[in-house]
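K.L.:
Build me a model:
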Amino acid sequence: MDREARKFRQAASRHIGRRTGTAIRYTLALRRQALSYTERRRQSGIPDAAIARELGLRPRLLRLWLKEPQVKPRLRRVTLENPVTPPFTAAPTLVTPHGFRVEGLDIASLVTLLRGLA
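P.N.:
Numbers count the residues shown, from 1 in each chain. Here you go, the predicted model:
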């Protein structure tokens, strides 16, 4: 095993501790170290699975790190020239926690409805 791979395994072991499975989160520095090592080994013609074994990683994890990062779409602030305002209604509107919406009743009718539902 390469000295650099051994150094990575020791650093990763210190970082991981006793955690296993999905509880393991590698630091950005460890990921970069593994990726730079992988790039050098790939130039020698070594397959990714063998490189992952040298580093003590799962091959799927190394392949995930090697993928191009997917950029998530960002929200942009926009300005409205003619903002649309909702029409004002004199009658109250009831919206339940389950998303049911009741409109067009006066307050007395709403109270009767709520008592009937309770």
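
K.L.:
Work out which residue lies at the spatial centre of this protein.
P.N.:
The centroid of the chain falls nearest to Lys72 when counting by Cα atoms, centre = their mean (10.1 Å).

K.L.:
For it, give me the pLDDT.
P.N.:
Turning to Lys72, the model gives it a pLDDT of 73.

K.L.:
Could you do Pro86 as well?
P.N.:
The per-residue pLDDT reported for Pro86 equals 67.

K.L.:
Any idea what the spatially closest residue to Thr96 that is not a sequence neighbour is bridged to?
P.N.:
Nearest non-adjacent residue to Thr96, counting by Cβ to Cβ, 6 or more residues apart in numbering: Val102, 7.9 Å away. All C-beta spots, glycine's among them, are computed from the backbone N, C-alpha and C. Each beta-bridge partner of Val102 is listed here: Leu94, as defined by DSSP bridges.

K.L.:
Please tell me how far Val102 sits from Leu110.
P.N.:
According to Cβ to Cβ, to the nearest Å, Val102 and Leu110 sit 7 Å apart.

K.L.:
Repeat that for Arg53.
P.N.:
Computed as Cβ to Cβ, the Arg53 to Leu110 distance reads 68 Å.

K.L.:
picking that back up, what is in contact with Val102 and Leu110 at once?
P.N.:
Between them, Val102 and Leu110 have Leu94 as joint contacts when contacts are counted by Cβ atoms under 8 Å, 6 or more residues apart in numbering.

K.L.:
pLDDT weak spots in this protein?
P.N.:
Applying pLDDT under 70 to the chain flags the ranges 1, 20, 70, 83, 86-90, 118.
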